[in-house]
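Undergrad: coords please:
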Amino acid sequence: MTVGILSTGIYLPENVVSGFEIAEKAGLPQEVVENKMGIRKKTIPGPDDHTCAMGIHAAREAIDKAGVNPKDIDVVIYVGEEYKEYPLWTAAIKLQEEIGAYRAWAFDASLRCGTTIMAMKLAKSLIETDPEIKTVLLAGGYRNSDFINYKNESTRFMFNLAAGGGALILQEGLKKNLLLETSLVTDGSFSEDVIVPVGGTVEPLTALSLNEGRYYLDVPDPEGMKKRLEQKSMDHFLKVIRESLYKSGYEERDIDYLAILHMKRSAHQYVLTQLGLEEEKSIYLEDYGHIGQFDQILSLELAEKAGKLKEGDVVVFVSAGIGYAWGASTIIWGEPKTGG
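TA: The predicted model follows:
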């Protein structure tokens, strides 16, 4: 049985903030923000750009592009952030209702910025093991940029957080855009290194903590995290890419396009160098920022528009999310090459 990507969708807010503006907010040189952090500009949410709402926009685009009847969707998986319109709320059910997927059942999935890749693996398994499931929609939104305090130096590596929505439809029996194998790594030693310290059961949100500016992302032990993460992060990036390729019957030299999340420029270039890839085999998202778990979908769409993809290309999605989690999926774009 084959499972392929029928279509994708992206929603980007109209509002943007420039690298210059971020530099001013953070008290940093513009050159550092634009060249080192790699943020020339990034999307920020407008008044109606709520998290699930952005996923609905992206889902509708994916449905329209595919020409799918929403009633033919069997499962809806919300892959956006848990920070959404309301707390304790299943966004997938709202999304299902808004797009008219009345015959589907729906649920939320979460692995921070690794959610889409994890959910692709999950959706493929559902299709392969349940004969009643043939078409699965993954969609959601992201606006964790709301939790960034530009005065907090320990969170500088997250100044790229942006806003947007993404979607993709997986379908049984497709002979194109084949989703092959996925590799995932999670490391719980980092599970409390990046947190919003108030607002949960450990320390409920109060007027005082809100006024003190503690309802933002924070890093309790920045030096300790940096030291431990530097030892593992790039190794795990390369590990999941290589494992996904190996399980799919390919090697890193076979990669035609790498759809990689936005991160600082030096890290992006390091990954390409280690894989022996030229820069044109990826797109650096310096004009978008980091839209969480939707960077890979955005990168794929940009590559398609730029003519970087051709039939039978080996495409690898790669992600990383706080927690920490790393993931990669191998896709054969278009129709597989003969003997591929």
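Undergrad: Quick check: can you list the domain ranges of the protein?
TA: 3-175, 180-332 (automatic domain parsing).
Undergrad: Give me whichever of those domains is most buried.
TA: Most buried of the domains of the chain, by mean neighbour count (mean count of other CB atoms under 10 Å): domain 3-175, with a mean of 20. C-beta coordinates here come from the backbone N, C-alpha and C atoms, glycine included.
Undergrad: Helix or strand with the lowest mean pLDDT in the protein?
TA: Lowest by mean pLDDT, DSSP states H and E among the helices and strands of the chain is helix 222-247, with a mean of 92.
Undergrad: so how far is the following helix or strand past that helix off the chain centroid?
TA: The C-terminal neighbour of helix 222-247 among helices and strands, as given by DSSP states H and E, is strand 257-260. Between the centre of strand 257-260 and the centre of its chain there are 12 Å (CA atoms, centre = their mean, to the nearest Å).
Undergrad: Which other helices and strands does the helix or strand following strand 257-260 contact?
TA: The first helix or strand that comes after strand 257-260 along the chain, using DSSP H and E, is helix 265-275. Under the contact criterion of 3 or more CB pairs under 8 Å, 6 or more residues apart in numbering; DSSP states H and E, helix 265-275 touches helix 222-247, strand 257-260.
Undergrad: Can you name the residues that contact the residue nearest to the spatial centre of the chain?
TA: Centrality entry for the chain: nearest residue to the mean C-alpha point is residue 293, 1.4 Å, by CA atoms, centre = their mean. By CB atoms under 8 Å, 6 or more residues apart in numbering, the contact list for residue 293 reads 79-80, 111-117, 140, 142, 166, 319, 321.
Undergrad: Quick one: the helices and strands packed on helix 265-275 as CSV, columns for distance to residue 275 too.
TA: As requested, these are exported to CSV (distance: least, CB to CB, whole Å):
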stretch, distance to residue 275
helix 222-247, 7
strand 257-260, 7
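Undergrad: For residue 17, find the nearest of the ones you listed.
TA: Of all the helices and strands packed on helix 265-275, it is strand 257-260 that lies closest to residue 17, at 22.3 Å by CB to CB.
Undergrad: List the contacts of the closest one.
TA: Applying CB under 8 Å, 6+ apart, the contact partners of strand 257-260 are 241, 268, 271-272, 275, 277, 281-282, 295-297, 299-300, 303, 308-309, 313-318, 333.
Undergrad: Just the ones of the contacts of residue 293 in helices?
TA: 115-117 (DSSP state H).
Undergrad: host element of residue 316?
TA: Residue 316 belongs to strand 314-321 when elements are defined using DSSP H and E.
Undergrad: then the helix or strand following that strand to PDB, C-alphas only?
TA: Next in sequence after strand 314-321, counting helices and strands by DSSP H and E, comes strand 325-332. What follows is strand 325-332, C-alpha atoms only, in PDB (Å, rounded to 0.1, in the frame of the first residue of the first chain):
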ATOM      1  CA  ALA A 325      12.300  16.300  19.800                       C
ATOM      2  CA  TRP A 326      13.900  15.800  16.300                       C
ATOM      3  CA  GLY A 327      12.200  14.300  13.300                       C
ATOM      4  CA  ALA A 328      12.600  13.600   9.600                       C
ATOM      5  CA  SER A 329      10.400  12.100   6.900                       C
ATOM      6  CA  THR A 330      11.400  11.000   3.400                       C
ATOM      7  CA  ILE A 331       9.100  11.700   0.500                       C
ATOM      8  CA  ILE A 332       9.400  10.900  -3.200                       C
END
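Undergrad: rewinding a little: can you lay out the ones in helices among the contacts of residue 293 as JSON lines showing distance to residue 148?
TA: Formatted as JSON lines, these follow (distance: CB to CB, whole Å):
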{"residue": "115", "distance to residue 148": "19"}
{"residue": "116", "distance to residue 148": "21"}
{"residue": "117", "distance to residue 148": "23"}
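Undergrad: In CSV: those residues, plus distance to residue 64 and pLDDT.
TA: Output for those, formatted as CSV (distance: CB to CB, whole Å; pLDDT from 0 to 100):
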residue, distance to residue 64, pLDDT
115, 23, 98
116, 20, 98
117, 24, 98
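Undergrad: now, which of the residues you listed sits nearest residue 155?
TA: Checking those against residue 155 with CB to CB, the nearest one is residue 115 at 20.5 Å.
Undergrad: circling back to that earlier point, please compute how far the least confident helix or strand of the chain lies from its chain's middle.
TA: For helix 222-247 - counting by CA atoms, centre = their mean - the centre lies 17 Å from the chain centre.
Undergrad: so the residue lying farthest from the centre of the chain is in which element?
TA: Distance from the C-alpha centroid of the chain, by CA atoms, centre = their mean, peaks at residue 208 (33.4 Å). Here residue 208 sits within helix 207-211, counting by DSSP H and E.
Undergrad: So what touches that helix?
TA: 198, 203, 215.
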